Every structure is written in C-alpha cells, then in structure tokens.
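J.: Show me the folded form of this:
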Amino acid sequence: MTILALILIAGLTLGSAALAMTLRNLIHSALLLIFSWAGIAAFYLWAGAEFVAFAQALVYLGAVSMVVLFAVLLTRQSYVGPEHSTGGAVRASWALLAAAGVMGVLAGAILGTGLDSNPGAGPVITVRQLGLELMGRHAASLLVVGVILTVALLGAVVLAAGRRQGDES
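T.: Numbers count the residues shown, from 1 in each chain. So this is what the prediction gives:
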C-alpha cells in the first residue's frame, strides 16, 4: 500500500511539473506548479516529516504560489509572433547545458559527502521543541524575515505595475 501511495505521489508531482514546463500559458503553468508543490508536501507526509509537510504547504502552496500568480497577472504580456522569436534552440541548448552542470555539481556534492552508515543516531527533535525554539530565541529573526518578504512582495508589485501607457512623466 505504501509503495502504491509513493508511486501516485511521484506521478502527481513529476507529471504536473513536466506539464507546467511544456505549456505556453503562464497561468496554467503556475497552477500546475502548485500541484507539483502539493505533491512534494504529500511526499513529506508519506515520509513521516509532518512539520516539513505543513511548512511546505504554508510557504509554497500559500505564499509562493500567490506571489507567482500575482507576478504573472501584474506583468504586462505582449505577444511575440513566430517571426520575432529568435534563438529558441540556442536557449534550449544553453538551458540543458546549465541543468547538466547543476546536476554534476549536486552529484559530486552528494557522492563526496561522508554519509553516516547509521542515520538514526542523530538527535530527535519534536515539532513542539522546534516551535518553542522558533518562537523563543528566534522570534525576532522570524519577524524580520516576514517583514523582508512583505517588502519584497510590495516592491515586486510596484515594479510590475510600472508606468501606464500614455504616462510619459
């Protein structure tokens, strides 16, 4: 039963991410990206990391998905016809080369790390202890991060709105 659940979660996550990359409509791609983030949260639940799953749901499904949708909806979209689009194959080859480079660096970092043969030997921290730590000593840091993210969102809205057409001042 658990392998079937993992296969369904992986199918949802990878399928929605792959479909989001292939669509040309940005809003549909952003909505499919939300499904992909939900699949990642479901994987964390399946793996037994409830706190990380709920943090994933709050941060990505709640906040980041709204930022992405606002950014897509607030930016001006202009149609670029096929006669104006240049370098699609060149950009795709550079993107594949960059992705291969990132994968090589990640593989080197993973293989170069001395993995512990007994992974369960580390300290066990409960969700309650983590919450008390975040709301105790690190409460000011958490508030500062929230303020910085809010200012960044407002700045993105101001930049995306830009000047209206006909407003030359």
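J.: can you tell me the helix or strand for G131?
T.: Assigned by DSSP states H and E, G131 belongs to helix 127-135.
J.: which intervals of the protein have sub-threshold pLDDT?
T.: Residues of the chain meeting the criterion pLDDT under 70: 1, 76-88, 114-122, 160-169.
J.: And the helices in it?
T.: Listed in chain order, the helices of the chain (DSSP state H) span 2-22, 26-47, 50-56, 65-74, 88-112, 127-135, 139-161.
J.: Neighbours of the closest residue to V157 other than its chain neighbours, how many?
T.: Distances taken as C-beta to C-beta, 6 or more residues apart in numbering place L74 nearest to V157, at 6.2 Å, with adjacent residues excluded. The C-beta positions use only the backbone N, C-alpha and C, and glycine is treated the same way. Residues near L74, counting by other C-beta atoms under 10 Å, number 14.
J.: could I get stretch 35-50 in CSV with only the CA atoms?
T.: The C-alpha coordinates for stretch 35-50 follow below in CSV (Å, rounded to 0.1, in the frame of the first residue of the first chain):
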residue,chain,number,x,y,z
PHE,A,35,0.0,20.9,-7.9
SER,A,36,3.7,19.9,-8.0
TRP,A,37,4.3,21.7,-4.7
ALA,A,38,1.3,19.9,-3.2
GLY,A,39,2.9,16.6,-4.4
ILE,A,40,6.1,17.4,-2.6
ALA,A,41,4.1,18.2,0.6
ALA,A,42,2.3,14.8,0.2
PHE,A,43,5.7,13.1,-0.2
TYR,A,44,6.9,14.7,3.1
LEU,A,45,3.7,13.4,4.8
TRP,A,46,4.3,10.0,3.3
ALA,A,47,7.9,10.0,4.6
GLY,A,48,6.7,10.9,8.2
ALA,A,49,8.0,14.5,8.2
GLU,A,50,4.8,16.2,9.2
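J.: Could you list the residues in contact with that stretch?
T.: 2, 5-6, 9-10, 12-14, 16-17, 20, 52-54, 56-57, 60-61, 64-65, 127 (C-beta atoms under 8 Å, 6 or more residues apart in numbering).
J.: Pull out the buried residues from that stretch.
T.: Of all the residues in stretch 35-50, those buried under the rule 16 or more other C-beta atoms under 10 Å are 35-45.
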